[in-house]
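*Asks:* below: sequence and its predicted model.
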Protein chains: 2
Amino acid sequence: MTHVKVGIVGLGLMGGSLSLALKKLPEDYYFIGLDHNELHCTQALKLGLVDEITYSLETLKSCDIIFLSIPVDGIITIVKQLGSLDPKCTVIDLGSTKEKISLSIPSNIRHNFVTAHPMTGTEKFGPTAALENLYSDKVVVLCDMQKSGEYQDKVSKELFSAIGMNIVCMGAKEHDRHAAFISHMPHALSYALANSVMKQEASESIIDLAGGGFRDMSRIAKSSPNMWEDIFRQNKFNVLEAIHTLQSELKKCEKLVENDEWHALNKWMTDANTLHDIL
Amino acid sequence: MTHVKVGIVGLGLMGGSLSLALKKLPEDYYFIGLDHNELHCTQALKLGLVDEITYSLETLKSCDIIFLSIPVDGIITIVKQLGSLDPKCTVIDLGSTKEKISLSIPSNIRHNFVTAHPMTGTEKFGPTAALENLYSDKVVVLCDMQKSGEYQDKVSKELFSAIGMNIVCMGAKEHDRHAAFISHMPHALSYALANSVMKQEASESIIDLAGGGFRDMSRIAKSSPNMWEDIFRQNKFNVLEAIHTLQSELKKCEKLVENDEWHALNKWMTDANTLHDIL
């Protein structure tokens, strides 16, 4: 019986959940994991997320499909170490930024690559955070697909569809600008909110009063600083633009409150309500 | 068979959910509703949230317990219209601000009042938004309780405990400052986030990529502008202070990204992570 060999570099929430999602499909997959974190390797084996652990890039390169589910700077590092690849090998990176990654791939193996960003996640991390349904009914953005091989295009789209994802294609540059507004800046905001409350003298009595609104808004402030440091670095200028836009909206609100312009404040909030006609 | 007559002024999410919560208790309650919105009156009757609708303050004043679950400016208006009350009548307001309401109650009926803020809600409104479990396992803040009568203190605490709430007591002034940080400013932030994205030229393609983080952070931007206009007005100075604190945290983040201070940015995010050790 032949099986599809799947390599997973990075056995955290994203990589682990991918294994769980693929295991539900009728295909027979064999999973080879690679991770610098030894505890994560042990946990992934124990949880059955992978069949084998390797520390060798050559073993990894023997896989039919390789997922790179590590922080975005790490993706660029490993991409440069791969050397040559079998023409039928498909490498799919799951990084939250796409332009620098797309540009970093050597031209001799560019067709092997599919640069993808699944718009899903939780604030948790590590193999124990893996969820069977993390990917189902979520959007995955595939970028610069004209640079991927026809075979890799087909393999990746079939795979993402099979695990229930909705595929959106766009350029890596456009993706990074969109992601700054819909994901990266909101993370900065959530971290800022958490710090605003934590630095109050009465922080514990304030937090005792937390209802659902605050819990929801501060949830992603629990996300991994190492992962987000990389994202903010790689998408620096888009993130700054999105932060400036948010600052200017918040300044508007501040001024309306300060100047008792209640009617205009009401209008400003009514404008915000319209988001939910389309979301 | 005697029943407890409960008046509910404001048949929206909070008032309607209160009726559903009380109906689960063994006591026999009879609900009299009052609302300026005729559609809400019809819906509340149809949904069985109230047994009777009244437009008369005198009928309302015949109740044993009266809940005021309307926007905070409306609470102050009705408080001034009540005139005298039976010494055993308990009036509980559920406003999100407390100091102006507490101070607005005429001294001759001050002992009748309990000023409460249940730290719960959803972004939805109207009687159809009512939820049976909205109050269970949530915090309710009772303010300036030394000004409430002994009888009203007992009635209100028994009632909130019976519907599964955790009672926290503090001064109205302290409450308003805390609420600005944990609830009011986060609402301003969510509205600002929604507007930041909606005002982008490519807003629809950006929103197509929304994952759980953005959905959670923009959820309360759907809240009622009329309700929140009142809250921002009544708690203006605390809200401004909380907005300034948030602005200063976000400015820190912006400068760290701008100046490539990645190590310090990582530390700033790690500080934010600690929120979740206590929440």
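*Replies:* Happy to help now that I have it.
*Asks:* now the helix or strand hosting A:Asp230 - C-alpha only, CSV.
*Replies:* Take DSSP states H and E as the rule and A:Asp230 turns out to sit in helix A:225-234. Extracted in CSV, the C-alpha atoms of helix A:225-234 (Å, rounded to 0.1, in the frame of the first residue of the first chain):
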residue,chain,number,x,y,z
PRO,A,225,5.6,37.2,21.1
ASN,A,226,8.3,35.3,19.1
MET,A,227,5.9,34.5,16.3
TRP,A,228,4.5,38.1,16.3
GLU,A,229,7.9,39.8,16.5
ASP,A,230,8.7,38.1,13.2
ILE,A,231,5.4,39.1,11.6
PHE,A,232,5.7,42.8,12.6
ARG,A,233,9.3,42.8,11.3
GLN,A,234,8.4,41.2,8.0
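*Asks:* care to break chain A down by domain?
*Replies:* Listed domain ranges for chain A are A:4-170, A:175-278 (source: automatic domain parsing).
*Asks:* in JSON lines: those, plus mean neighbour count.
*Replies:* C-betas here are computed from N, CA, C, even on glycine. Output for those, formatted as JSON lines (neighbours: other C-beta atoms under 10 Å in any protein chain shown):
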{"stretch": "domain A:4-170", "mean neighbour count": "19"}
{"stretch": "domain A:175-278", "mean neighbour count": "21"}
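*Asks:* with mean pLDDT added, can I get those domains in TSV?
*Replies:* Below are the domains of chain A laid out as TSV (pLDDT from 0 to 100):
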stretch	mean pLDDT
domain A:4-170	97
domain A:175-278	97
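*Asks:* for the stretch 101-250 of chain A, just list every one of the strands.
*Replies:* Along the stretch 101-250 of chain A, counting by DSSP state E, counting those that start in this stretch, strands occupy A:113-118, A:139-143, A:166-170.
*Asks:* is it possible to export the domains of chain A to a markdown table including distance to B:Asn37?
*Replies:* As requested, those are exported to a markdown table (distance: least, C-beta to C-beta, whole Å):
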| stretch | distance to B:Asn37 |
| --- | --- |
| domain A:4-170 | 36 |
| domain A:175-278 | 17 |
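*Asks:* re the thing from before, can you redo the strands of the stretch 101-250 of chain A as CSV with distance to B:Gly10?
*Replies:* Output for those, formatted as CSV (distance: least, C-beta to C-beta, whole Å):
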stretch, distance to B:Gly10
strand A:113-118, 43
strand A:139-143, 39
strand A:166-170, 41
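*Asks:* sorry, back to before: wait, does the helix holding A:Asp230 contact chain B?
*Replies:* Yes. Against chain B, helix A:225-234 shows contacts by C-beta under 8 Å from any C-beta of the partner chain at A:Pro225, A:Asn226, A:Trp228, A:Glu229, A:Phe232, A:Arg233.
*Asks:* nearest to A:Thr59 among those residues?
*Replies:* Comparing those against A:Thr59 with C-beta to C-beta places A:Asn226 closest, at 25.9 Å.
*Asks:* doesn't B:Leu265 make contact with the closest one?
*Replies:* No. Using C-beta atoms under 8 Å, A:Asn226 is not in contact with B:Leu265; the gap is 11.0 Å.
*Asks:* for whichever residue of the stretch 1-150 of chain A sits closest to chain B, which non-adjacent residue is spatially closest?
*Replies:* Using C-beta to the nearest C-beta, the closest approach of the stretch 1-150 of chain A to chain B is made by A:Met119 at 4.0 Å. Sequence neighbours aside, B:Gly211 is the residue nearest to A:Met119 in space, at 4.0 Å (criterion: C-beta to C-beta, 6 or more residues apart in numbering or on different chains).
*Asks:* the one you found and A:His117 touch, don't they?
*Replies:* No. Taking contacts as C-beta under 8 Å, B:Gly211 lies outside contact range of A:His117: 9.8 Å.
*Asks:* in chain A, which spans are helices?
*Replies:* Under the criterion DSSP state H, helices of chain A are mapped to A:13-23, A:38-46, A:57-61, A:72-81, A:99-104, A:150-162, A:172-179, A:185-198, A:203-207, A:212-218, A:225-234, A:236-258, A:262-273, A:275-278.
*Asks:* which ones are touching A:Arg219?
*Replies:* Contacts here follow C-beta atoms under 8 Å, 6 or more residues apart in numbering or on different chains; on that basis A:Arg219 touches A:Glu123, A:Ser190, B:Gly213, B:Asp216.
*Asks:* the last one contacts A:Phe214, correct?
*Replies:* No. Counting by C-beta under 8 Å, B:Asp216 stays clear of A:Phe214, with 10.9 Å between them.
*Asks:* how far away from the center of its chain is stretch A:198-210?
*Replies:* Distance of stretch A:198-210 from the chain centroid (C-alpha atoms, centre = their mean, to the nearest Å) equals 31 Å.
*Asks:* repeat that for stretch A:66-75.
*Replies:* Centroid displacement of stretch A:66-75 relative to its chain, using C-alpha atoms, centre = their mean, is 10 Å.
*Asks:* no further queries at this time; thank you.
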